[in-house]
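In: Sequence first, then the predicted structure:
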Amino acid sequence: MSMEIRPLDDAYAVSPQIMPEDIPAIAAAGYTTVVDNRPDAEIPPELHAEALRPALEAAGISLVVNPVVGGALTMENVEAQRAAIDGAAGNGAGGKVLAYCASGNRSSIVWALALAGRRPTEELVAAGAQYGYQVPQFRELIDKLANKG
């Protein structure tokens, strides 16, 4: 099965778990940063972040490890995701980010929360909802974070 990259905007996409053989395609698609939102406890050791890091770095891609535990998303996760997005944008290489978890759901939710206040809430909700991700249930929290900013 080939990897499915699902863009949420021009600079950020999500996907289910990546495999080592996906890395050349990720690089070819112009992604400069990969964010691992999947806790290592969910996957076999050969897919752990640190097992993938050498191949990603060899392809010129930086890896950010930000594990989001299902049902236990934290503000630290949101802040780390925002920092990864901002870091990629600031590196001058176009700054495209590919974030992955089991399905892409957690990576889309943490993205929407990270960009709260920077974009209209409806736009953030719709970006993930188009792939069936559960972003709409976070609408109230996105609004709350947007108004806090």
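Out: Perfect, I can see it now. Numbers count the residues shown, from 1 in each chain.
In: contact partners of the helix or strand harbouring I26?
Out: Element membership of I26 [criterion: DSSP states H and E] is helix 23-28. With contact meaning CB atoms under 8 Å, 6 or more residues apart in numbering, helix 23-28 is reached by 3, 5, 18, 34, 52, 55-56, 59-61, 98. For glycine as for every other residue, the C-beta is placed from the backbone atoms N, C-alpha and C.
In: swap in stretch 69-79?
Out: The contact list for stretch 69-79, computed with CB under 8 Å, 6+ apart, reads 37, 39, 66-68, 102, 106, 109-110, 113-114, 145.
In: now that stretch: mean pLDDT?
Out: Averaged across stretch 69-79, pLDDT comes to 94.
In: In it, which of the residues would be classed as buried?
Out: Of the residues in stretch 69-79, 73, 77-78 count as buried by neighbour count, 16 or more other CB atoms under 10 Å.
In: Now secondary structure and distance to Q130 too, for those residues, in JSON lines please.
Out: What follows is those, written out as JSON lines (DSSP: H, G, I helix; E, B strand; the rest coil; distance: CB to CB, whole Å):
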{"residue": "L73", "secondary structure": "coil", "distance to Q130": "20"}
{"residue": "N77", "secondary structure": "helix", "distance to Q130": "22"}
{"residue": "V78", "secondary structure": "helix", "distance to Q130": "21"}
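In: quick one on the thing from earlier: can you tell me which of the contacts of helix 23-28 is nearest A129?
Out: When the contacts of helix 23-28 are compared for distance to A129 (CB to CB), I5 wins out at 17.5 Å.
In: what comes into contact with stretch 98-105?
Out: Contacts to stretch 98-105, defined as CB under 8 Å, 6+ apart, come from residues 5-6, 12-18, 26, 29, 31, 33-38, 42, 68, 70, 81, 84, 107, 110-111, 128, 131, 133-134.
In: Please disregard the earlier target; I meant stretch 29-44.
Out: 5, 13, 17-18, 26, 48-49, 52, 56, 60-69, 77, 81, 84, 87-88, 91, 93-102, 106-107, 110.
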